[in-house]
Every structure is written in C-alpha cells, then in structure tokens.
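Asker: quick one, fold the following:
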Amino acid sequence: MTKYQKYTWVCTGDCDALIEYTFKDGYGWPNGVMDLTCRCGTSCTLLSVEDATIPYTDSPLPTEEEKMEETTTPTVTVPDTYNANLLVTYKVIKGYSDPEYATDKVASIEWDLHNARQAQKHNAVLQDKIDAVKEIICEAYADSSDQDTLREIAEALSIELIKEVEFTASIEVSGTYSYNILESEWDNDFESEVTDALFADSNHGNIEIVDQEVCNVREA
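Answerer: Have a look, this model is predicted:
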C-alpha cells in the first residue's frame, strides 16, 4: 500500500492562511528542512506532519471535459444599492472621550473592517502564546537559577506572575442559639438553623471562597 504524508503550515502574516500539502512517502520535505513561503510573501510556521490515507477507487479519473462540467463557480450577487465609491458619514468611537464623525468611501471602510478582523485574529494568536509563556514561567520560577531573566521576560510581555493555588481549610465556630421551647422542635430546627445561618467570606483581596459546607453541627 502506498504511504502518504500530510504537511500543515499556518501563515503568520495578515492573510492568516492555512496551507496543507499531501505527498507520496519519500517525495515530501527532507528531514530538518520544512521552510515554506506563503503567496503573501510571509514565512509560514509548520504545525504538523502526519501520515495520510488517500482512498483508492477503481473508477477511472475524469477527463478534462468532465472536470469542467462538474466544476461550478458560486455566483455572488451584488445588490443594486451597493456603491463602493459612496461617501458615508459614521461615528468614530474613542472610549470615554467624545466621539467624532468622519466621512469616507465604502471601499475604504471595507478595508478598515477587513484589517481590523485580521488584527483581531493576530492578537488572539499572540495572546495564546503569551498565556503559554506565563504558564511556563510560573511553573519554572520557584526552582529557576535565573529568576531575574524570567522576571524581565514577564515584564516585557506585561505578564503578572500570579499563580492560583487551590486550598481547603476548616474553621471551628462556637456560639449560642436561642429558641422558644413552646414554638420550636429542638431536634428538627437546631442543625438546619445553624447550617443556614453560617457562611464563610474572605476579607483578603487575593482569596476567593469558591465553595463551603457547614458540617458537624452539635450541641457543646
């Protein structure tokens, strides 16, 4: 059986392309050389190399004429009201400051929106990488012999070296419970009254109480 390998790259440029090549085993990239340049001119990052399977079929390959007949090009309908050169006045929002009003062509606004979407994707990729670096630094910081370098990396990426630690704690509480012996049943009301009345809270900004349970309610 013929073996194949699939190479997958992602473009780090503005086009944000995902590129895949599948080769017969032995015809792909040589070991250690995985360079690829995108059509936009940006170097790509290799994501994975994995074995691939191409289904075998006894059916003859279609001729060029059959391919042309089978190929359909999707039709994009342009609205009659669309005008790329139309001047549009819109509000420019600047946070908490007073907004401004600008006038520009529809085509220019389209490109601004496109570039904003690409920048948002790029920022999301960078944020994922920064989060990964943060996790690495937090795990290695305590045992590292070069904490100064780790601290400088964290400051350069605006990373707060904060590590969350789960904990459990027990609190022994004592007090008094008053009840009317003519109106209450001691055995039924005591535990539920104390359980419903007690709760834990933290007056430390770095401690968050996630869960709590009142147990072992008993008469002293």
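Asker: part of a strand, is V49?
Answerer: Yes. Counting by DSSP: H, G, I helix; E, B strand; the rest coil, V49 falls inside a strand.
Asker: how about it, nearest residue that isn't a chain neighbour?
Answerer: Leaving aside its sequence neighbours, V49 sits nearest to Y7 (CB to CB, 6 or more residues apart in numbering; 5.4 Å). Glycine gets a C-beta too; all of them are placed from N, C-alpha and C.
Asker: dump the helix or strand containing the one you found to CSV, restricted to CA.
Answerer: Secondary structure from DSSP states H and E places Y7 in strand 4-11. What follows is strand 4-11, C-alpha atoms only, in CSV (Å, rounded to 0.1, in the frame of the first residue of the first chain):
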residue,chain,number,x,y,z
TYR,A,4,1.5,9.4,2.1
GLN,A,5,2.3,12.3,4.5
LYS,A,6,0.4,15.5,5.1
TYR,A,7,2.3,18.7,5.9
THR,A,8,0.3,21.6,7.5
TRP,A,9,1.5,25.2,7.8
VAL,A,10,0.0,28.4,9.1
CYS,A,11,0.9,31.8,7.7
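Asker: can you list the buried residues in it?
Answerer: 4-9, 11 (16 or more other CB atoms under 10 Å).
Asker: partner residues bridging the residue nearest to V49?
Answerer: Beta bridges link Y7 to Y21, V49 when assigned by DSSP bridges.
Asker: tell me where the protein has helices.
Answerer: Ranges of helices in the chain, per DSSP state H, are 64-70, 106-140, 147-156, 186-197.
Asker: about what we covered before: now the buried residues of strand 4-11 in CSV, with distance to V217 and pLDDT?
Answerer: Shown next, in CSV, are the buried residues of strand 4-11 (distance: CB to CB, whole Å; pLDDT from 0 to 100):
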residue, distance to V217, pLDDT
Y4, 67, 80
Q5, 66, 80
K6, 63, 81
Y7, 64, 81
T8, 60, 82
W9, 63, 78
C11, 63, 82
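Asker: could those go into a markdown table alongside distance to R39?
Answerer: As requested, the buried residues of strand 4-11 are arranged in a markdown table below (distance: CB to CB, whole Å):
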| residue | distance to R39 |
| --- | --- |
| Y4 | 24 |
| Q5 | 22 |
| K6 | 20 |
| Y7 | 16 |
| T8 | 16 |
| W9 | 12 |
| C11 | 9 |
